[in-house]
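Peer 1: here is the input, now give the coordinates:
(chains A and B)
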Amino acid sequence: MIHSLFLVSTAGHIFLEKHWKSVISRSVCDYLFEAQGKASAPENVPPVIATPHHYLISVYRDRIFFVAVIQTEVPPLFVIEFLHRVAETFQDYFGECSEASIKDNVVIVYELLEEMLDNGFPLATEANILKEMIKPPTILRSVVNTITGGSSNVGGTLPTGQLSNIPWRRTGVKYTNNEAYFDVVEEIDAILDKSGTVVFAEIQGVIDACVKLSGMPDLTLSFVNPRLLDDVSFHPCVRFKRWEAERVLSFIPPDGNFRLMSYHVNAQNLVAIPVYVKQNVSFFETGSSGRLDITVGPKQTMGKTIEDVVITVHMPKVVLNANLTTNQGTSTYDPVTKVLVWDIGKLNQQKVPNLKGSLSLQSGAPRPDENPTLNIDLRIQQLAISGLKVNRLNMFGEKYKPFKGVKYVTKAGKFQVRT
Amino acid sequence: MSSSSAFNDEKGGSSSVGEPEYGHDPASGGIFSSDYKRHDDLKEMLDSNKDSLKLEAMKRIVAMIARGKNASDLFPAVVKNVACKNIEVSPPRPSRYRDISQTDPNQLIRASALRVLSSIRVTIIVPIMMLAIKEAASDMSPYVRKTAAHAIPKLYSLDPDQKDQLIEVIEKLLADKTTLVAGSVVMAFEEVCPERIDLIHKNYRKLCNLLIDVEEWGQVVIINMLTRYARTQFLNPNANESLLEEGGEKTFYGSDEEEGKEDKVEAAALVVKRKPYVMDPDHRLLLRNTKPLLQSRNAAVVMAVAQLYFHLAPKAEVGVIAKALVRLMRSHSEVQYVVLQNVATMTIKRRGMFEPYLKSFYIRSTDPTQIKVLKLEVLTNLANETNISTILREFQTYIKSMDKDFVAATIQAIGRCATNIGEVRDTCLNGLVQLLSNRDELVVAESVVVIKKLLQMQPEKHSDIIKHMAKLTDNIQVPMARASILWLIGEYCEHVPKIAPDVLRKMAKSFTNEEDIVKLQILNLAAKLYLTNSKQTKLLTQYVLNLAKYDQNYDIRDRARFIRQLIVPTDKSGALSKYAKKLFLALKPAPVLESPFKDRDHFQLGSLSHLLNAKAGGYQELPDWPESAPDPSVRNVEVPEWTKCSSREKRKEKKVEKPFYSDSEGESGPTESADSGNHTEEQKKSTKSKEPKDRSDSESEDEEESSTESSESESEEESESDTDAKKKKKVLLSISINHTLQGTSLRYYILKKWRIYVSFCVALLLKCSFPSPQAASPTCGPLKTYELLHRITGEGLAVTYCFSRRPFTGDPHMVSVQIQFTNNTEVEARSLRVLEPKLQSGMRIAEFPEIDVLPPGEISTVVMGIDFCDSTQAANFQLCTHTKKFFVTIQPPVGELMMPIFMTENEFKKEQGQLMGMNEITEKLTLGEGCRGDHVIIQRVISTANLSRVPCGSAMECRFAGKTVTSGSLVLVTVVTKEERAAQVTVNCEKMLIGTMLVKDILQALSQ
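Peer 2: This next block holds a predicted model:
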């Protein structure tokens, strides 16, 4: 399956290689560089590249290309999904997935990769098992190691998680404060057209959990209105049959942070769009200038305030500069990347934020045909825009009383306004 | 020393400034410096008697290997540590691992020992490994058996002769009933013996039932394998419907409704004749048990189920996958890319499935271009009479996008919608005509090309559009667009009788400055006008033909000669000229605009081959449905017997296991939590068995399920009794258990260290035993080395070069030449560099970075790039040291002037079709003595020329493709073998000189 792995920075520097079968010369990455040269941005590099003797499957994450080299047929998604899992594991272990952190922890990275793949086939990819085998670096441990001179990661326990039927949970978890928190995060994906009518809108949500419970708790989470959920996908710990039959989530949770489920809200329900946007971006035929006028206001907010509103506009290449004034927040225009960012903050009912001013174009250049799209970012606390509500959380199998909490947040996902 | 490492060292040296160093003592500073004795400090550390220093040194060596540095000279120093006393550092001999893997009471340790053993890749230990795998395969711990399954492909790749024995082991492991083993053993099955589908029969139902509890990676492998299995064992559930569907399709596309109706009737009659289809219960079982996995968080699992449904499910049931696939569109862009490719293929066959999700494929300005284009493809496939207006409105906004490649793709998509849906053809055409006044030339050009195709369908209505386009010839410069306009005017000159001659006049003026395709179309236009309106255009035509007669391009000269003979009546012109009008102005069928994803579904969806639209190595063909179902009873399992046998086994196991088991229980952690852990596990099991299980359709399956349950409950009992036993001993043994806990976990970690150590020794060894970089690419033989400077003429400095066949990093138009310097003198050679290259015009050189010092007896390798301009003329330059200058010459063999490209058989044939005539050179030959069998031919051709093999179906033919490095002209080579060692080599290449020389070289290589 996976033959070798190369980690490559955007600058084209191969800073880590690992081979599971035989050594493949790093020159194989030249084909990636060739593709990168052709692509306008790193995101545009095709994920699968065929070379005369190998196939390169790569993912681009956190400014790093994870390049897997394979020689024979394998489902591409299998490799892509695995590479993302590797990146997530690094993130989990080192707090960030960056060139510097990987280089700093190269020995742990090697140990991780050695455990995650055996002869190119995924072996242990669950964070819980990995953490039993390879301890994440902590400041305390590195201090102790320096003082005592020992530098091995020998743990006092065996990684028995690999043997169990529930590989995602360690045995012998113990906490003094037993807590279980659930975040219901919903994102609105929408495309609005010039006049503000909805071209397309849907709600996608996830439930992220942070469970710190001792022993082997068996949890049941039920919803007030489970019918809203149209399409769901679960962490492997969720018992699917019970969901099918009773519409409750029944599971033995992994220890720590994990994504319990992600869902899609029934398409029949009309999506409430929390803001309205009035915009007018126009370029004049003469005088190489243009005008911009954007107004944003709250619409259907269910009585909550909208926070962290940011509007990002990718301007056409000919726009040299923008001279804009606003009555709320700050606006900046980066003439190099041609991105206008208007950071508004909170939306008030009384005062409607507005941004207007003139755009100066490259002199002599023709008026741009295209109009820029506005990308909107926002956040509403304590509201799940679909109306989804958690009913209750029950715990079986353990005697203590855990502290439980549910938080709701609505965010803008891919929220675009066409002009 | 290998070139790659030298190259990297040099790279590493330059970049080390900004990088963190691994370690802080002064000794570490030397690692990345250019000092050739840089490993001395590490050697010292390894040789020291402090274990901490040794560990530190090992860590740094790991870091070096991670960066691809050559650390092979450290190997002896590392090996010396085998004798080290600290067990954490030194590993024992292989046979000792086997002992551990068999005898250690703890399963984790047995498994770990087997992993260490199987990662030692030395053929000598094959028998030991084989024994260890066999033993482990019948181990009582499922985890050890899983490890055994993992070891199988490793041993197989080490020694393929062991296949038969390994198949026995696989057969045994396939019968395993635990979820832990299932995924790994199917993986081994796929790698070692995917053709032995008969091994699956008895395990089919069990695999289906276990599937949901297998870990996610195993699920993907099992589902893909079962898809293939089902295709060989069950009947096509859509056999009847596909007949109906064909009828339906026809009525949809064709305007002749009546015929369609007839078809339907016929189809219906056929359906009646056929036996009613009843789905095999096993087929149903597979579909039912995979469906819940559509809810998996792992995109690969979802895709695997989706392809299974697409290939196996009755048409009415396939729809369920659409929702899950649409969900994946929210995932990372790489996942989207793969999913969209598959959705595009699916939408061609089953459009209805994705229609409700049309809006999910709408394009956002922030999507990467490749995603945009794929979404566009899906939208186009989904278009029909009802939704076309929405789609076209959407397309309108796309045309305003800033991403011009995407705009071009949108215009193509509009064209396709217009051809497929007659109602909107005029609307589309009007929209496209409006685009002709767009400011961006690429947009206009693309529209012209599409309009041309659309006009061909009903030209008589649109003479005004043709007139409009004629005006555009003054402004549009894109050759393809100009050619399209000219072709249109020529083809429909009767509709625009006044304008056409004038266009020809303008073109005649600019003829010499036009691109080749435009020139050809001017000739066409001239010929057609001459035939329809010779009065006005006779002289113009003659003028154009004369210009073409002296053109540089032989195609144009040929065409001019051909046209002249055909249309200008002379005494000699034969019967053909009478038919000139028919030849030139025949009614041409309108082009069909097809999706590039059409017919891709003959590849298994979700596979790499499907994505590339070419067979990847090791791809298992998805078989066609059988005409009649093979005997379903092969899957029946003699239930009573195996329950009996297994329970006996269990009991035996129990007896043996007891002492160990309690031991390992103790190890699993602090006592109470292990206790409670067990408890909940049981609970989970019991809730599971409480869960409403779908009652099975067939008897045997029923029995099987119940037996699985019974075995489950047995194991429950087992663990219960175990806990009991432990509870009793708990107080007494708590201290001693703790003690053994220390011992076992230490043993485990030592083994883990050893495994990492072994894999890292292997990495070290591989680095040193294959110094040349090409060792990694299996089909490419050793590279030929040429002498640049002889030891004697170079006064002690010997220089050789070879063509490394890698793309030159700095400039894609250069051939990379790897140069190796050897200093045979007693003194250092300083500042080696290139000076005063004397090159033919057009040739360029990218000099290698100057080598500061080459100490006596050392070897150094560098890479330089030369652009030979696709000629075999030599590059001359001077090679300088700090004291001397030498004149040297590099002359490339013709085979090195190209680089391999990846191509499918169809693409190959298409390209070959365009390179006929003078571009094709064919020679016959008799193959040499040693030249038997495909692989020898492939090997020889590839070592002669830097080409890549084109996967091809026929055993008699080998095809190779490449392009010249500088101009990128295609080089296509076909070798056809015939009886009695006769063979024929064909080279198609636009550059005839290269073609001729290449044929000569290949002939020589093959006839040796």
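Peer 1: nearest residue to the residue positioned nearest the centre of chain B in space, please, no chain neighbours.
Peer 2: With distances taken as Cα atoms, centre = their mean, residue B:608 lies nearest the centre of chain B, 5.2 Å away. Excluding its sequence neighbours, the residue lying closest to residue B:608 (Cβ to Cβ, 6 or more residues apart in numbering or on different chains) is residue B:616, at 4.6 Å. For the C-beta atoms, the positions are set from N, CA and C on the backbone; glycine is no exception.
Peer 1: again with residue B:332
Peer 2: The spatially closest residue to residue B:332, leaving aside those adjacent along the chain, is residue A:84, at 6.1 Å (Cβ to Cβ, 6+ apart).
Peer 1: re earlier: look up how far residue A:189 lies from the residue nearest to residue B:608.
Peer 2: Going from residue B:616 to residue A:189 by Cβ to Cβ, to the nearest Å gives 34 Å.
Peer 1: and the residue nearest to residue B:608, helix, strand or coil?
Peer 2: coil (DSSP: H, G, I helix; E, B strand; the rest coil).
Peer 1: surely it and residue A:55 touch.
Peer 2: Yes: the criterion here is Cβ atoms under 8 Å, and residue B:616 meets it with residue A:55 at 6.7 Å.
Peer 1: overlap of the contact sets of these two?
Peer 2: Residues touching both residue B:616 and residue A:55 by Cβ atoms under 8 Å, 6 or more residues apart in numbering or on different chains: residue B:608.
Peer 1: pick out whichever of those two has more residues nearby.
Peer 2: residue A:55 (26 against 21; other Cβ atoms under 10 Å in any protein chain shown).
Peer 1: dig out what that one forms beta bridges with.
Peer 2: Residue A:55 has these beta-bridge partners by DSSP bridges: residue A:50, residue A:70.
Peer 1: count of residues packed around residue B:49?
Peer 2: Neighbours around residue B:49, by other Cβ under 10 Å: 8.
Peer 1: now the one 10 residues further on
Peer 2: By the criterion of other Cβ under 10 Å, residue B:59 has 16 neighbours.
Peer 1: repeat for residue A:202
Peer 2: Each residue near residue A:202 was counted by other Cβ under 10 Å, and the total is 21.
Peer 1: that one in helix, strand or coil?
Peer 2: Under three-state DSSP, residue A:202 falls in the strand class.
Peer 1: contacting residues for it?
Peer 2: So residue A:202 contacts A:188, A:189, A:190, A:264, A:265, A:267, A:271, B:359, B:360 (Cβ under 8 Å, 6+ apart).
Peer 1: quick check: PyMOL command selecting the buried ones in those.
Peer 2: Buried members of the contacts of residue A:202, defined by 16 or more other Cβ atoms under 10 Å in any protein chain shown, are picked up in PyMOL with:
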select buried, (chain A and resi 188+189+190+264+265+267+271) or (chain B and resi 359+360)
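Peer 1: just for the stretch 201-350 of chain A, where's the confidence low?
Peer 2: A:267-269 (pLDDT under 70).
Peer 1: show me where it has helices.
Peer 2: A:240-246 (DSSP state H, counting those that start in this stretch).
Peer 1: how about the residues of it that lie near chain B?
Peer 2: Contacts of the stretch 201-350 of chain A with chain B, taken as Cβ under 8 Å from any Cβ of the partner chain, map to A:202, A:204, A:214-218, A:230-236, A:239-242, A:244-245, A:250, A:252, A:259, A:262, A:264, A:267, A:314, A:316-317.
Peer 1: next one: phi and psi at the residue nearest to residue B:178 when sequence neighbours are not counted?
Peer 2: In space, and not counting its chain neighbours, residue B:178 is closest to residue B:142: 4.1 Å by Cβ to Cβ, 6+ apart. Per-residue torsions, residue B:142: phi -60, psi -30 (degrees, to the nearest 10).
Peer 1: these two touch, right, residue B:142 and residue B:183?
Peer 2: No: look at residue B:142 against residue B:183 with Cβ under 8 Å: they stay out of range, at 11.7 Å.
Peer 1: who has more neighbours, those two?
Peer 2: Taking other Cβ under 10 Å, residue B:142 and residue B:183 do not tie; residue B:183 has more neighbours (25 against 18).
Peer 1: roughly how far does the more buried one sit from residue A:396?
Peer 2: 30 Å.
Peer 1: okay, helices next: where are they in the stretch 201-350 of chain B?
Peer 2: Under DSSP H, counting those that start in this stretch, the stretch 201-350 of chain B gives helices at B:204-210, B:216-233, B:239-253, B:257-273, B:281-290, B:299-312, B:315-318, B:320-328, B:333-349.
Peer 1: now swap in the stretch 51-200 of chain A and tell me
Peer 2: Using DSSP H, counting those that start in this stretch, the helices of the stretch 51-200 of chain A run over A:76-94, A:99-104, A:106-116, A:127-133, A:139-148.
Peer 1: for the ones you listed, which one ends up most surrounded?
Peer 2: helix A:76-94 (a mean of 23; mean count of other Cβ atoms under 10 Å in any protein chain shown).
Peer 1: quick one: distance of that helix to the chain centre.
Peer 2: Helix A:76-94 has its C-alpha centroid displaced from the chain centroid by 12 Å (Cα atoms, centre = their mean, to the nearest Å).
Peer 1: report the angle between the axes of that helix and helix B:299-312?
Peer 2: Calculated by axes from the mean of the first three to the mean of the last three Cα atoms, to 10 degrees, helix A:76-94 forms an angle of 170 degrees with helix B:299-312.
Peer 1: state the mean pLDDT of helix A:76-94.
Peer 2: Helix A:76-94 comes out with an average pLDDT of 91.
Peer 1: what do you get for stretch B:606-619?
Peer 2: Mean pLDDT, stretch B:606-619: 86.
Peer 1: residues contacting it, please?
Peer 2: Here stretch B:606-619 has contacts from A:48, A:50, A:55, A:70-77, B:224, B:303-304, B:306-307, B:338, B:341-342, B:345, B:600-601, B:603-604, B:902-905, B:951, using Cβ under 8 Å, 6+ apart.
Peer 1: surely residue A:91 meets residue A:98?
Peer 2: No: with contacts counted by Cβ under 8 Å, residue A:91 stays clear of residue A:98, the gap being 9.4 Å.
Peer 1: overlap in contacts, those two.
Peer 2: Common neighbours of residue A:91 and residue A:98, using Cβ under 8 Å, 6+ apart, are residue A:62.
Peer 1: next, work out how far apart residue B:585 and residue B:454 are.
Peer 2: Distance from residue B:585 to residue B:454, by Cβ to Cβ: 20 Å.
Peer 1: over to residue B:610?
Peer 2: Distance from residue B:610 to residue B:454, by Cβ to Cβ: 31 Å.
Peer 1: tell me which of the two has more neighbours.
Peer 2: Taking other Cβ under 10 Å, residue B:610 and residue B:454 do not tie; residue B:610 has more neighbours (26 against 23).
Peer 1: ok so the more buried one is a helix residue?
Peer 2: Yes: under three-state DSSP, residue B:610 falls within a helix.
Peer 1: now the helices of the stretch 51-200 of chain A as JSON lines including distance to residue B:352?
Peer 2: Compiled in JSON lines, the helices of the stretch 51-200 of chain A are given as follows (distance: least, Cβ to Cβ, whole Å):
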{"stretch": "helix A:76-94", "distance to residue B:352": "24"}
{"stretch": "helix A:99-104", "distance to residue B:352": "47"}
{"stretch": "helix A:106-116", "distance to residue B:352": "41"}
{"stretch": "helix A:127-133", "distance to residue B:352": "41"}
{"stretch": "helix A:139-148", "distance to residue B:352": "58"}
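Peer 1: pLDDT on stretch B:332-340, on average?
Peer 2: 93.
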